[in-house]
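Colleague: give me the fold of what follows.
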Amino acid sequence: MLYTEIVNKNKPYKKKTIELVETLDKDNNKVLLEKETFNYYEQLKKYLKTIGIEIVINEAYRSIEDQEKIVEEFKNIYDEDKLYKKVAVPGYSEHHTGLAIDIGLVFDKKEEEEENIKIREALYQEMHKHLSKFGFILRYPKGKEEITGYSYEPWHIRYVGIIPATIIYQNNLTLEEYLKDFAGILYINKPKDVTSFDVVHEISKLFGIKKVGHTGTLDPLATGVMLVAVGKATKIVELLTAEDKEYIARVKLGIMTDTYDITGKVIEKKEVPKNLNLEKTIFSFQKTYLQEVPIYSAVKVNGKKLYEYAREEKKIELPKKEVTIKKIELLDKNQDEFTMKALVTKGCYIRSLIMDIGKSMNTYATMMSLTRTKQGMISIEESNTLEEIKNNHFQIHKIEEVLTYPVIQVSKEEEFMILNGVKIKDKWNIYDKAIVQTEKGQLIGICQKENGFLKTWKNFKQPVNSMSK
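Modeller: Next comes the predicted model:
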């Protein structure tokens, strides 16, 4: 289930199967909540009680029929203009999801109603500080009425998951703003036996954002640095993919498999020559050369991925790509196995490099294990495991932190021009590209140098129609 799904005045609830559980409201009547939402509500309620705040449920899940009844009731109180500022149209209420709760407070009432209101608001504000720890957000915050479509409701909370809730709270966002504008890069230490797609899927689920992409595939056998772009940061995936990568590989001599790694089927064996000068041979590959793409790869030939040809056992001429091995060294050797480290350019297959090294010594060589230790300037020591991310112990990196381009700040007039695709004069003497921010340091986009001007290359904000606030 996508816990960050938006339901508002413009987006109706899309009916789906949800697991609802029963609980009790303030009057001990049965109400329903989505199962995970209920579990975290119980934890929130228990925690708040330890700090002196006692909460109850006023409203929870509503069917469309329930919403229709509420609208009919409120028609007797408000005219139509005010009615739908207070109550959602049936089919457009967050309560249909089972993820929204209207919270009531239990406290000793004072004689003066004015004092009563102040106490209630103070308690709600204290409650708001702790919502994200349990995956909840204040859905309709003060000052965000134009975005949410509803006036401030201190009692209306919504379950979205702990990671989205934390980001939304820390950055003073609404759910709409989070899904529309969030941009972040994760440095992940990918575990073994997990595909790159699996990692992307897991991050998408944890962040509640569909737009997620990785910046360089790692085989299931491989571990190590994998950069994952979330939200609007997916716009710079091509820049991150182009970075050099460093690997440490363990190699087995004397065998060849169909996949060029130890997970494949052994198809050839060959005696390992004695007295090999392994260090010299490995160093000889510190060069630029044409490398054959392995048959088990996602490279397309005639619109079809190579691994599809392999699975169908169809023969095809494998393409070759120019790659550069910038640095390569032998780390250790033990009988017919060795470990090497290599710094390579984009598109280099370490499996193919290892096979080529084996052939140059008149034998075979197959990759046993692989760890990507660096991508660009980002090392494995800076990366988080999936478990750390699941436990909300990780760092999100801004686009400005990951890219090595200079950062410039522009005036409001220049910002207006950039957002509307108009070139601005390059007064910063930019060499290639620059990260562009507003005067207040907010990210606008990336501009590229062209004949003494800077033109928009990637935009991270919406175009504007005027320069007024």
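
Colleague: okay, now the unreliable bits of the stretch 51-200 of the chain?
Modeller: Applying pLDDT under 70 to the stretch 51-200 of the chain flags the ranges 109-112.

Colleague: now the strands for it?
Modeller: Listed in chain order, the strands of the stretch 51-200 of the chain (DSSP state E, counting those that start in this stretch) span 54-59, 100-106, 136-138, 156-159, 183-190.

Colleague: with distance to residue 217 added, can I get these in TSV?
Modeller: Heads up, the C-betas are built off the backbone N, CA and C, glycines and all. Supplementary listing: these in TSV, determined by distance: least, CB to CB, whole Å:
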stretch	distance to residue 217
strand 54-59	46
strand 100-106	39
strand 136-138	34
strand 156-159	34
strand 183-190	10
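
Colleague: of all those, which one comes closest to residue 44?
Modeller: The minimum distance between residue 44 and those falls on strand 136-138, with 6.5 Å, by CB to CB.

Colleague: report the strands that pair with that closest one, each with its relative direction.
Modeller: Sheet pairing here is set by DSSP bridges, and for strand 136-138 it gives strand 156-159 (antiparallel).

Colleague: run the chain-centre distance for the partner strand.
Modeller: Computed by CA atoms, centre = their mean, to the nearest Å, the chain-centroid distance of strand 156-159 equals 22 Å.

Colleague: what's it in contact with?
Modeller: 3, 34, 36-37, 40-41, 94, 99-103, 131, 135-140, 175 (CB atoms under 8 Å, 6 or more residues apart in numbering).

Colleague: redo the strands of the stretch 51-200 of the chain as TSV? Include distance to residue 197 and mean neighbour count.
Modeller: Shown next, in TSV, are those (distance: least, CB to CB, whole Å; neighbours: other CB atoms under 10 Å):
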stretch	distance to residue 197	mean neighbour count
strand 54-59	39	17
strand 100-106	32	20
strand 136-138	29	26
strand 156-159	27	26
strand 183-190	11	22
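
Colleague: quick one: which of the ones you listed is nearest residue 123?
Modeller: Closest to residue 123 of the strands of the stretch 51-200 of the chain is strand 100-106 (CB to CB; 5.3 Å).

Colleague: A strand includes residue 37, no?
Modeller: No: judged by DSSP: H, G, I helix; E, B strand; the rest coil, residue 37 forms no part of a strand; its state is helix.

Colleague: which residues touch it?
Modeller: Applying CB under 8 Å, 6+ apart to residue 37 gives the contacts 98, 99, 101, 159.

Colleague: could you rerun that using 6 Å?
Modeller: For residue 37, the set of contacting residues under the criterion of CB atoms under 6 Å, 6 or more residues apart in numbering consists of 99, 159.

Colleague: then residue 249?
Modeller: 340, 350, 367, 370.

Colleague: for residue 114, see how far away the second one is.
Modeller: Going back to what we said before, that points to residue 350. 71 Å (CB to CB, to the nearest Å).

Colleague: of those two, who's got more company?
Modeller: Here residue 350 and residue 114 are compared on neighbour count by other CB atoms under 10 Å; more neighbours surround residue 350, at 24 against 7.
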